[in-house]
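>>> model the structure of this input:
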Amino acid sequence: MATAPNTASKTLVKKPQQRVRRVHSHADELLKKSQEAALSAVQIFNSPAITFKAETYVVLMIIAWTYLMHAYHRKIGVEYRYYKTKEGGTRKIFDKTKRGAYKYWELERCLNSSQSPLDINTSNNLRFLIELRHEIEHQMTSRIDELLSARFQACCLNYNHYVKRLAGDEYGIDRHLSFSLQFVSLSHEHVNMLSEQSDLPKHISTLINGFDGALTANEFNSPQYAYRVLFLPKTVNHIGQADRVIEFIKADSEIAASVNREYAIVKETEKAKYLPSDIVNLIQKGGYPQFNMHSHSQLWKSLEAKKDGKQFGTLVAKTWYWYSTWLLVVQDHCKANAANYK
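Next up, the predicted model:
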């Protein structure tokens, strides 16, 4: 008689523990896939070899946000499956697909939830992308990559902010990505093209006008809705001094005081440069103490990193300097071969 209660007690204690592990394991898997979907979206959009950019970006980012919201609702205990209630509202009858799978909330339903952690401008950005997906999934579009890039950029930055806020810094995508190299060669002709939308597909133009027209001025101008960038061309003062890149200007700078604070301000300036010893020191401080000058030399030679066109560095007064893009390559190499450098 004494053993039965003890056995039951152990069973009751054990089951909740198993359930907690299962819940967190599923939520962690959702977060990992969410992160990978976001990374894939940005990498595809930045790839010069792919022309099917905007459509792919929108679909993958909506998946990324949906999985992030599912993981969040799962962790805080919100039921995000569709169901009906019977027997006085106490019994849940879950909706299922024809093949018996649960029907989970789509992203728009997550945004409509009172438990949504997203601010209104981030939600507006996502609602626009959802409407855009409805338009592009049924018919081919053209010339929307550049014209909608401000909203795509905002979506990416918003995701990075919220995935770190809701899941932790380790899920951020900023440490995996840098600016696309297409930004560097932005020409006046390209800028003029971006301002001309006369041949934008009519159904997309209707969507933009209708959606934007329903927003307040503050919502429309929010960088969480569309991340707009002002380019101020500025070349270096001396020939051969540096390549031109993009740099963000502080909001309290003299230049920033003359423009709308809702915009990010950039100017072209000099790239950061690193001596080989700087690269090695940074890598060693990053947790790879066995990576040395010999390792570095072998790596850049095997990848022909100094070859013209690679844009990993530059020769200044007979001294080779590496750019940040090369530092990222070395970091990725060390991560992939951590056992050799730890």
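>>> contacting residues for the nearest residue to residue 106 once chain neighbours are set aside?
Distance criterion C-beta to C-beta, 6 or more residues apart in numbering; nearest residue to residue 106, sequence neighbours excluded, is residue 66 at 6.8 Å. (C-beta placed from N, C-alpha, C; glycine too.) Taking C-beta atoms under 8 Å, 6 or more residues apart in numbering as the criterion, residue 66 is in contact with 34, 106, 107, 110.
>>> how close does the last one sit to residue 68?
The reference is to residue 110. Between residue 110 and residue 68 the distance, using C-beta to C-beta, to the nearest Å, works out to 9 Å.
>>> mind checking which of these two has more residues around it?
Here residue 110 and residue 68 are compared on neighbour count by other C-beta atoms under 10 Å; more neighbours surround residue 68, at 27 against 24.
>>> domain assignment for this protein?
What the record gives for the chain is the domain set 23-226, 228-270, 276-341, from automatic domain parsing.
>>> just put these in TSV and tack on mean pLDDT.
Conversion of the domains of the chain to TSV gives the following (pLDDT from 0 to 100):
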stretch	mean pLDDT
domain 23-226	79
domain 228-270	51
domain 276-341	91
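>>> this protein: helices as residue ranges?
All helices of the chain, identified by DSSP state H, fall at 3-46, 53-76, 107-112, 120-136, 149-167, 188-194, 202-213, 217-221, 276-285, 293-302, 324-336, 338-341.
>>> which one, of those helices, ends up nearest to residue 86?
Evaluated over those, closeness to residue 86 peaks at helix 107-112, with 21.3 Å, by C-beta to C-beta.
>>> which of the residues in the closest one are buried?
Of the residues in helix 107-112, 107, 110, 111 count as buried by neighbour count, 16 or more other C-beta atoms under 10 Å.
>>> residues in contact with it: which ones?
Outside of helix 107-112, the residues within contact range by C-beta under 8 Å, 6+ apart are 62, 65-66, 69-70, 73, 80, 116, 118, 123, 126-127, 130.
>>> hmm, residue 30 is touching residue 64, no?
No: in this structure residue 30 lies outside contact range of residue 64 using C-beta atoms under 8 Å: 10.3 Å.
>>> which of these two has more neighbours?
With neighbours defined as other C-beta under 10 Å, residue 30 and residue 64 compare such that residue 64 has more, 26 against 21.
>>> residue 331: which of the buried residues of helix 107-112 is nearest?
Closest approach between these and residue 331, by C-beta to C-beta: residue 107, at 32.7 Å.
>>> quick check: that closest one vs residue 220, distance?
For residue 107, the distance to residue 220 (C-beta to C-beta) stands at 21 Å.
>>> and what of residue 106?
Taking C-beta to C-beta as the measure, residue 106 and residue 220 are separated by 25 Å.
>>> gap between the nearest residue to residue 33 once chain neighbours are set aside and residue 34?
In space, and not counting its chain neighbours, residue 33 is closest to residue 67: 5.5 Å by C-beta to C-beta, 6+ apart. Using C-beta to C-beta, residue 67 is found at 4 Å from residue 34.
>>> looking at those two, which one has more neighbours?
residue 34 (26 against 23).
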